[in-house]
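Trainee: A predicted structure for the sequence below; I have some questions about it.
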Number of protein chains: 2
Amino acid sequence: MASTIKDIARRLNISVSTVSYALNGGPRSVPEEVRDKVLTVARELDYRPNRVARSLITRRSHVLGIIPHRSSRDLILGPFMQHVLNGILNEAELMMQHVLIFTRCDEKDTAGTMDQFLGGHVDGLVFISSDGLEPVLEELRHRNFPHVALSARRGASPTVTVDNVNGVERAMAHLYGLGHRKIGHLRGIPTHYDGWERHEAYSDFMRRHGLPINPSWIVDGRFTPFDGRCAALKILDRPDRPTAVFAANDEMALGLLEAARELGISVPSQLSVVGFDDSPHAALCYPRLTTVRQPLNDIGAAAARMLLDIIEERDPVTSLRFGTELVIRDTTARPTEDQS
Amino acid sequence: MASTIKDIARRLNISVSTVSYALNGGPRSVPEEVRDKVLTVARELDYRPNRVARSLITRRSHVLGIIPHRSSRDLILGPFMQHVLNGILNEAELMMQHVLIFTRCDEKDTAGTMDQFLGGHVDGLVFISSDGLEPVLEELRHRNFPHVALSARRGASPTVTVDNVNGVERAMAHLYGLGHRKIGHLRGIPTHYDGWERHEAYSDFMRRHGLPINPSWIVDGRFTPFDGRCAALKILDRPDRPTAVFAANDEMALGLLEAARELGISVPSQLSVVGFDDSPHAALCYPRLTTVRQPLNDIGAAAARMLLDIIEERDPVTSLRFGTELVIRDTTARPTEDQS
DNA sequence: AACGTTTCGCGAAACGTTTCGGAAGTGGAA
DNA sequence: TTCCACTTCCGAAACGTTTCGCGAAACGTT
């Protein structure tokens, strides 16, 4: 139904090549006069170029692919995914690229997954989390297909990461400086790289400062407020509870705050809390959350830009690491006498 | 570099058509034996079908397009976009479709926009908000291109909406029932259809109950916490402030809560607040927000499903409207004596 | 007049598929 | 033997572009 370049050519009794050149100021020039005629007829026929046909031949779609974490049902709802995605989208807009989100991504079916990725619909891929997808990354590297991984071990593939170790260090040092010695940890799923790294940094800090690590002060959650609340109940509802808890992200810290309220534990006087992310709600909740800020929007934007650089074969920046910043608000204070 | 169907054919000295049939159990049968051989060689050559070439001929990409609100820089960050997108993504996954987010969408350049949309990269479109895009919708209708609009006037295009009128009615009736007579409104941008409809419903309620509408009790914001805070300061920081405020969404209500805290106005004893959405943080903030719940995930999922129905020419469901539910939490109470 | 150099334009190949028309062969029934 | 139906496979067209090679014409220089 829709008109094509051929229809224009026929109408004007000229060849399709000429039309193509006219339409996109193509690699060869066409005289002003016929150019105008082509443009007019194109408008008359309501012509729209078929970008798919074009991609087939140019091998570029101007679309960036995104692979959300596989448990995306939950994670896309979190501020992490949200802000990173926002960063990617904003940057993609500037770079005139669209963004395709791959919904199906079965890590057990590497072949099927690759079919999707390499089908030509996207020029490159951003992995929001590489958790469980190492074989896929491996094959992409092997095929030389442009990709960038976030929240991943710095390895063979290009990565954009946040300095978790440094961020956790700041958070812990803050708590330690206030006088806390009994510090618990709401840990993210340990297969998730950030979750793992933050836990490592936490353990490392505790060890280095000779603090006791009580296993029952460390509970896992999948980065959601609900999980945070459940996990927090396990940590807090016991006689020897810690005086402070470091949560692997803000969402879980929010759940923790709720749990504390339910248990009648007042924050920060009886319990200090530090989160990670500085999501918008950290400043909006009550009491306002002390947290480690990571520039999620910038991370997303950087990933998008790095990916396009790779696609267009510019400088080979292979990895980028962003810094963090401690934002001290109202959920941290000195532990009270009777606790320490 | 990558191997094609032709390579397989050459290797086996058979025709490409046979390979094609073998590969996708195609419309014609091929004997078991050659089928196996084709599959083996395909694996050997690490063959990946080129989906772009396939879409060119089948005219299907199995990708659903999404057009975020044009001021997406802000809106994608809100729970509205987030949950709707989540709903779409989940449903798309079930339906084996991927999702492409159009970043560029200049409402001034209808032609350019249409080029993007009709380029063949997507089989249909979901408009998150049709605000300002009527000409585009018009043309899509004219071309019979599958699309669904959210948060839009029920018109010629298929829509999925929420019953704003009913939702606002519940919120207002709740406040009225508690004894509030001086009720303000934190309004969303009025070009946004939901924002407009909620404001209409608010005004209508006030009129019907003979309540005074004070223009300085109505301030606009772009659905963000920051805007909510700014707008709330204007409403609250004056001698004749209302005893209750209905906010067009939860994010602004959250900003309102913050503003109230800054001004030393205690919620709910001195000020009642109702939001709209029931975003996760409504239950997590303090005091917990009374709000109108709308099933954002379901709305997104329904839109995706409706779109696919249209694409695949199944039943012609033209529009769907979801109901709301009032969730009473801790930000609403009777007005105190001295206020009324 | 002979010569390069541009300009202009056409035809065709290519991108990687899907799918149609039909040819050749096989087997069974009339 | 003839006819029909079925299987198996090939060649080619099609989808809508981009772009290369090449020829013809036009133009100015020697």
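Mentor: Perfect, thanks for sending it.
Trainee: quick one, strands of chain A?
Mentor: For chain A, the strands defined by DSSP state E occupy A:63-67, A:98-101, A:124-127, A:147-150, A:159-162, A:183-188, A:218-221, A:244-247, A:272-277, A:290-293, A:319-322, A:325-327.
Trainee: Now do the shortest one, average pLDDT.
Mentor: Just to be clear, that refers to strand A:325-327. Computed over strand A:325-327, the mean pLDDT rounds to 97.
Trainee: That strand: partners in the sheet, and parallel or antiparallel?
Mentor: Strand A:325-327 has its sheet partners listed here by DSSP bridges as strand A:290-293 (antiparallel).
Trainee: With the fourth one instead?
Mentor: Listed by DSSP bridges, the sheet partners of strand A:147-150 and their directions read strand A:124-127 (parallel), strand A:159-162 (parallel).
Trainee: what's next to the last one, contact-wise?
Mentor: In this case it means strand A:159-162. For strand A:159-162, the external contacting residues (CB atoms under 8 Å, 6 or more residues apart in numbering or on different chains) are A:148-154, A:194, A:294-295, A:299, A:302-303, A:306, A:318-324. (C-beta placed from N, C-alpha, C; glycine too.)
Trainee: Let's see that with 6 Å instead.
Mentor: Strand A:159-162 is contacted from outside by A:149, A:150, A:152, A:294, A:299, A:302, A:303, A:319, A:320, A:321, A:322, using CB atoms under 6 Å, 6 or more residues apart in numbering or on different chains.
Trainee: hmm, back to that, what's the most buried one of the strands of chain A?
Mentor: Stretch with highest mean neighbour count among these: strand A:244-247 (a mean of 30; mean count of other CB atoms under 10 Å in any protein chain shown).
Trainee: quick one: that one near chain B?
Mentor: No. Applying CB under 6 Å from any CB of the partner chain, one finds strand A:244-247 out of contact with chain B, separated by at least 13.4 Å.
Trainee: for stretch A:94-112, same thing?
Mentor: Yes. Using CB under 6 Å from any CB, stretch A:94-112 comes into contact with chain B via A:98, A:99, A:100, A:101, A:102, A:103, A:104.
Trainee: which residue packs closest to the first one, ignoring adjacent ones?
Mentor: Which is residue A:98. Among residues not flanking residue A:98 along the chain, residue A:63 sits closest, at 4.7 Å (CB to CB, 6 or more residues apart in numbering or on different chains).
Trainee: quick one: the one you found and residue A:100 touch, right?
Mentor: Yes. The pair formed by residue A:63 and residue A:100 meets the contact definition of CB atoms under 6 Å, at 5.0 Å.
Trainee: which neighbours do those two share?
Mentor: Common contact partners of residue A:63 and residue A:100 (CB under 6 Å, 6+ apart): residue A:122.
Trainee: Report the contact partners of the nearest residue to residue A:197 once chain neighbours are set aside.
Mentor: Closest residue to residue A:197 apart from its sequence neighbours, by CB to CB, 6+ apart: residue A:164 at 4.2 Å. Applying CB under 6 Å, 6+ apart to residue A:164 gives the contacts A:194, A:197, A:198, A:201.
Trainee: ok, residue A:164 to DNA strand C distance?
Mentor: 41 Å (CB to the nearest atom of the strand, to the nearest Å).
Trainee: hmm, back to that, need the worst-confidence member of the contacts of strand A:159-162.
Mentor: Among these, residue A:152 has the lowest pLDDT, at 85.
Trainee: That residue: neighbour count?
Mentor: Using other CB atoms under 10 Å in any protein chain shown, residue A:152 has 23 neighbouring residues.
Trainee: Give me the nearest residue to it, chain neighbours excluded.
Mentor: Excluding the flanking residues, the one nearest residue A:152 by CB to CB, 6+ apart is residue A:130, at 3.9 Å.
Trainee: Neighbours of the one you found, how many?
Mentor: 22.
Trainee: Name all residues that make contact with it.
Mentor: By CB under 6 Å, 6+ apart, the contact list for residue A:130 reads A:137, A:149, A:152.
Trainee: ok, 8 Å please
Mentor: Neighbour list for residue A:130: A:137, A:149, A:150, A:151, A:152, A:153, A:157, A:193 [criterion: CB under 8 Å, 6+ apart].
Trainee: Residue A:273 now?
Mentor: Residues in contact with residue A:273, defined by CB under 8 Å, 6+ apart, are A:244, A:245, A:247, A:253, A:256, A:257, A:260, A:267, A:289, A:290, A:331, A:332.
Trainee: Swap in 10 Å and give it another go.
Mentor: Contacts for residue A:273 (CB atoms under 10 Å, 6 or more residues apart in numbering or on different chains) come out as A:175, A:184, A:186, A:232, A:244-247, A:252-254, A:256-257, A:260, A:267, A:287, A:289-291, A:329-332.
Trainee: contacts with DNA strand D among the residues you listed, please.
Mentor: Among these, no residue lies close to DNA strand D (CB under 7 Å from any atom of the strand).
Trainee: Stretch A:34-43: which residues count as buried?
Mentor: Buried residues in stretch A:34-43, defined by neighbour count with 16 or more other CB atoms under 10 Å in any protein chain shown: A:35, A:37, A:38, A:41, A:42.
Trainee: out of the residues of stretch A:94-112 next to chain B, who's nearest residue A:222?
Mentor: residue A:103 (19.2 Å; CB to CB).
Trainee: Most proximal residue of the stretch 151-300 of chain A with respect to DNA strand D?
Mentor: Relative to DNA strand D, the nearest point of the stretch 151-300 of chain A is residue A:158 (27.1 Å; CB to the nearest atom of the strand).
Trainee: And for that residue, the neighbour number?
Mentor: With other CB under 10 Å as criterion, residue A:158 counts 22.
Trainee: I'd like the distance between it and chain B.
Mentor: 20 Å (CB to the nearest CB, to the nearest Å).
Trainee: okay but that residue is in contact with residue A:310, surely?
Mentor: Yes. The criterion here is CB atoms under 10 Å, and residue A:158 meets it with residue A:310 at 6.6 Å.
Trainee: per-domain residue ranges of chain A.
Mentor: A:5-49, A:63-162+A:297-322, A:164-294+A:326-339 (automatic domain parsing).
Trainee: Could you dump these into CSV and include distance to residue B:11?
Mentor: Compiled in CSV, the domains of chain A are given as follows (distance: least, CB to CB, whole Å):
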stretch, distance to residue B:11
domain A:5-49, 34
domain A:63-162+A:297-322, 19
domain A:164-294+A:326-339, 40
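Trainee: Quick one: closest of these to residue B:20.
Mentor: Comparison of the domains of chain A against residue B:20 by CB to CB identifies domain A:63-162+A:297-322 as nearest, at 15.3 Å.
Trainee: Endpoints of the closest one, how far apart?
Mentor: End-to-end distance of domain A:63-162+A:297-322 (CA to CA, to the nearest Å): 25 Å.
Trainee: Any part of it near DNA strand C?
Mentor: No. Against DNA strand C, domain A:63-162+A:297-322 shows no contacts by CB under 7 Å from any atom of the strand, the least distance being 7.6 Å.
Trainee: sorry, back to before: what's the overlap in contacts for residue A:158 and residue A:310?
Mentor: A:146, A:147, A:148, A:316, A:317, A:318.
Trainee: pLDDT value on the first one, please?
Mentor: The one in question is residue A:146. Residue A:146 carries a pLDDT score of 96 in this model.
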